[in-house]
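Asks: Here is a sequence together with a model predicted from it:
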Amino acid sequence: PVWVVDFIGPDDRRYRERSPVQSKRGARKYELARKREIEADLIADLEIPPEVPTFGDFSEEFMESEAPNTSGFREMEGKRAILNAHLLPRFKTTALDDIRLRDINRLIGELRAMPRAPKTINNVLTVLKTILRYAHSVEVLDKVPPIKLIPVPPQDTDFLDFDELAVLLQGVKDDPSLHV
């Protein structure tokens, strides 16, 4: 006779396999070993992925660990101001992987409605993009949503003419507390 194990596994599939040891005792041992193996595979498939932090928690981590390495003091102050004024009120409790393009487009719409200048909106988007890219680089995020900056109209620059420059320099000479 050929010893075969025949059982329904925890995944409700039927397993029918020839036992490598051709005895009643060997078939029983093989069946128990196969059941354990199948259960272990199912449990491994059901492993809970690591929890993704909220934007608020991760932005704090970013400001403490990455930003000081890549930014000067003034830039850090600017990032903190943008976070507090625009990004944390909108995304503080949102998981990083739940921030989608439509959420970013809503943020742009809200900023335009405030109204904010296009350059200011781009500064906010740049801080958001930097934090999300950092999350991707440290393998907290699988994918970063595409963030495109909005067009900024060219700025008119009003330079001083020679008469205005002379008045400015005379004012500096008259007041020793001012330095050029």
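Replies: Ah, there it is. Numbering: from 1, shown residues only.
Asks: Select the helix or strand of this structure having the lowest average pLDDT value.
Replies: The weakest-scoring helix or strand in the chain, judged by mean pLDDT, DSSP states H and E, is helix 67-70 (a mean of 84).
Asks: Please name every helix or strand in contact with it.
Replies: On a contact count with 3 or more CB pairs under 8 Å, 6 or more residues apart in numbering; DSSP states H and E, helix 67-70 meets helix 73-82. Every residue, glycine included, has its C-beta placed from N, CA and C.
Asks: which parts of the helix it packs on are buried?
Replies: Within helix 73-82, the residues that qualify as buried are 79, 82, counting by 16 or more other CB atoms under 10 Å.
Asks: export whichever helix or strand comes after it as CSV, just CAs?
Replies: Next helix or strand after helix 73-82 toward the C-terminus (DSSP states H and E): helix 88-91. Extracted in CSV, the C-alpha atoms of helix 88-91 (Å, rounded to 0.1, in the frame of the first residue of the first chain):
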residue,chain,number,x,y,z
LEU,A,88,-0.1,70.9,10.5
PRO,A,89,-3.6,72.4,10.7
ARG,A,90,-4.4,70.5,7.5
PHE,A,91,-2.5,67.2,7.9
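Asks: got the buried residues for helix 88-91?
Replies: Quick answer for helix 88-91 (16+ other CB under 10 Å): 88, 90-91.
Asks: And for stretch 18-26?
Replies: residue 19.
Asks: Can you give the contact residues for the longest helix seen in the chain?
Replies: Using DSSP state H to define each element, the chain has its longest helix at helix 24-45. The contact list for helix 24-45 (CB atoms under 8 Å, 6 or more residues apart in numbering) reads 3-5, 7, 9-11, 15, 17, 19-21.
Asks: From the contact counts, what lies against the host helix or strand of residue 102?
Replies: In this assignment (DSSP H and E), residue 102 forms part of helix 101-113. The criterion is 3+ CB pairs under 8 Å, 6+ apart, and the helices and strands that helix 101-113 contacts are helix 88-91, helix 118-137.
Asks: Okay, now the unreliable bits of the protein?
Replies: Applying pLDDT under 70 to the chain picks out residues 179-180.
Asks: If we go by neighbour counts, what in the longest helix of the chain is buried?
Replies: 27, 30-31, 34-35, 38.
Asks: Ok, which of the helices and strands packed on helix 101-113 comes nearest residue 59?
Replies: Across the helices and strands packed on helix 101-113, residue 59 has its closest neighbour in helix 118-137 (5.7 Å, CB to CB).
Asks: could you measure residue 65 against residue 56, distance?
Replies: 15 Å (CB to CB, to the nearest Å).
Asks: hmm, back to that, just the closest of the contacts of helix 24-45 to residue 99, please.
Replies: For the contacts of helix 24-45, the nearest to residue 99 is residue 11 (35.2 Å; CB to CB).
Asks: quick one: contacts for that closest one?
Replies: 38, 42.
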